[in-house]
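>>> Attaching a predicted model along with its sequence, questions to come.
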Amino acid sequence: MNVELMDQVEIEALQEERFQAVWPHIAATSLYERKLRQADVEVNEIRSLSNLRKLPFTHKEEIRATGVFERTPLSTKDIYAIYSSGGTSGAQTLYVWSEKDIIVQTEVAKRILTSVETTSSDLGLILAPLSLPVMGHCMVRQFSAVGAGFIPVGPTDPEKVVSLIRTLPITVVATLPTVASRLLEYMKFVMHLDVDEQIQIRQFQFGGDFVSNTRRHRLEQTWGAKCYDFYGISEIFGPICGECSHQDGLHFAADYVFVELLDPQTKRPVPEGEPGVAVYTTLWEKGFPLLRYWSNDYVTWTWEPCECGRKSPRMRFLGRPVDCADVQGRRLFAKDVEEIILKFPISDEYYCEYITQDEGPIVQANIEAIPDPPLPTQELRDALENVFGMPVQLNVADPGTLPRDQVKPKRLVGFPVNTP
């Protein structure tokens, strides 16, 4: 039976079956053997997924503090490759991959790309590193999974990218949302070129950062292409979930990964639809298995069937701790701010800074003007004061003057953060 047509009860039964089969593989990993001893838990005490709550979480700091072969039960002869994390949020970490990992990632990628109608007729452009970091290699396999050709350009001069998309029949681009925004900006304002019939891009596949619906709408209007949100993490692979044509949440491969969605303070499950931190346990004989991995990724989760007919759970990625702030006792995500700020006629670049003054804190919203139409400054200020709950000062900069040196720019700067 098609796993994505299974209902919640059927998927949870499959997860249980797969966990029991893979548990000896996970428990044979040196890192987890040690964690079990420290928790005073015997291997045979963990008989089902419900027993996982007896075990401590696995954190990125622990992974960085261990050797690559402490995190795999495989011998050298069973290793397919060793890749790394991207290193955008800390030092690169090495991960062992097995042949089984390739099979699973290819299967999941085929599901996701098929659901957005990427086919063997497409030619994909990959704007991600193709060296030690794993995600560029995952992008190669996602296009290969549906028989599509690909061009592994990696991070490069935007003029070269513009040249490629104008001279080659590239129909799909896999990249970060900000890269798509900045590429368009460079083409329009530096090269003085418009999106025309020479550019055949019909869809962008985003990953690696949050994308708001307002940014998506801007990009779809200006590029004339659909923009789909995908999600993956280096510790598993990408994409592990992705949108379908309805663009209403990311269909998650729950047959291969068990997810606990927990409150970052209480560590208790959050209600369906409420934000929580995703905690991952992998359900196949992965080169580097995950056991209650505290991802630090804030997501929401629903089992509500999608309009496309699939019953697989859907998640929405909200961001990481760097993408959120504590504002007057509530958690505010940069994604929520972006939903509001990019509705106004400003450039795609902005950041909001928390500033302490004698009279109390204020938010300085740093934005760039565009030539036309005029900016309704009072309306924008009112909208931002409503979301932040404090006074907002607008700093309107000239076009092209805000920093563009980070591919994952920090949108909320200097705010108090209650890190989980």
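Yep, it's here.
>>> Confirm for me that His59 is in contact with Trp294.
Yes. Between His59 and Trp294 there is a contact at 5.2 Å, judged by Cβ atoms under 8 Å. C-beta: built from backbone N, CA, C; applies to glycine.
>>> Of the two, which one has the most company?
Between His59 and Trp294, counted using other Cβ atoms under 10 Å, Trp294 has the larger neighbour count: 21 against 14.
>>> The more buried one is in what secondary structure piece?
Secondary structure from DSSP states H and E places Trp294 in strand 293-302.
>>> So which residues make contact with that strand?
Identification of contacts with strand 293-302 by Cβ atoms under 8 Å, 6 or more residues apart in numbering yields 57-60, 233, 235, 249, 252, 259, 261, 272-281, 313-321, 323-324, 333, 420.
>>> for the helix or strand following that strand, what is the average pLDDT?
Following strand 293-302 in sequence order, the next helix or strand is strand 314-319 (DSSP H and E). The average of the pLDDT scores along strand 314-319 is 97.
>>> In terms of secondary structure, what does strand 314-319 contact?
strand 226-231, strand 250-252, strand 293-302, helix 334-341 (3 or more Cβ pairs under 8 Å, 6 or more residues apart in numbering; DSSP states H and E).
>>> Identify whichever of these lies nearest to Asp382.
Evaluated with Cβ to Cβ, the helices and strands packed on strand 314-319 place helix 334-341 nearest to Asp382, the distance being 10.5 Å.
>>> Can you list the strands that the worst-scoring helix or strand of the chain on mean pLDDT pairs with?
Within the chain, no helix or strand scores below strand 324-327, which has a mean of 92 by mean pLDDT, DSSP states H and E. When pairing is defined by DSSP bridges, strand 324-327 lines up against strand 330-333 (antiparallel).
>>> my guess is Asp348 meets Leu342, correct?
Yes. Using Cβ under 8 Å, Asp348 is in contact with Leu342, at 6.9 Å.
>>> Find the residues that touch each one of those two.
Arg215, Arg218.
>>> which residues touch Ile199?
Ile165, Arg166, Trp223.
>>> Surely Leu402 is in contact with Tyr351?
Yes. With contact defined as Cβ under 8 Å, Leu402 and Tyr351 form a contacting pair (7.2 Å).
>>> what touches both of these two?
Counting by Cβ under 8 Å, 6+ apart, the residues touching both Leu402 and Tyr351 are Asn366.
>>> These two: which is more packed in?
The neighbour comparison of Leu402 against Tyr351 (other Cβ under 10 Å) goes to Tyr351, with 20 against 17.
>>> any idea which helix or strand comes after the lengthiest helix in the chain?
Using DSSP state H to assign secondary structure, the helix with the most residues in the chain is helix 8-27. Per DSSP H and E, helix 8-27 leads on to helix 30-38 as the next helix or strand towards the C-terminus.
>>> Just the mean pLDDT for stretch 165-185, thanks.
Stretch 165-185 shows an average pLDDT of 97 in the prediction.
>>> So which residues of this protein form helices?
Using DSSP H, helices in the chain cover 8-27, 30-38, 60-64, 99-115, 134-145, 158-167, 177-185, 213-223, 334-341, 377-388.
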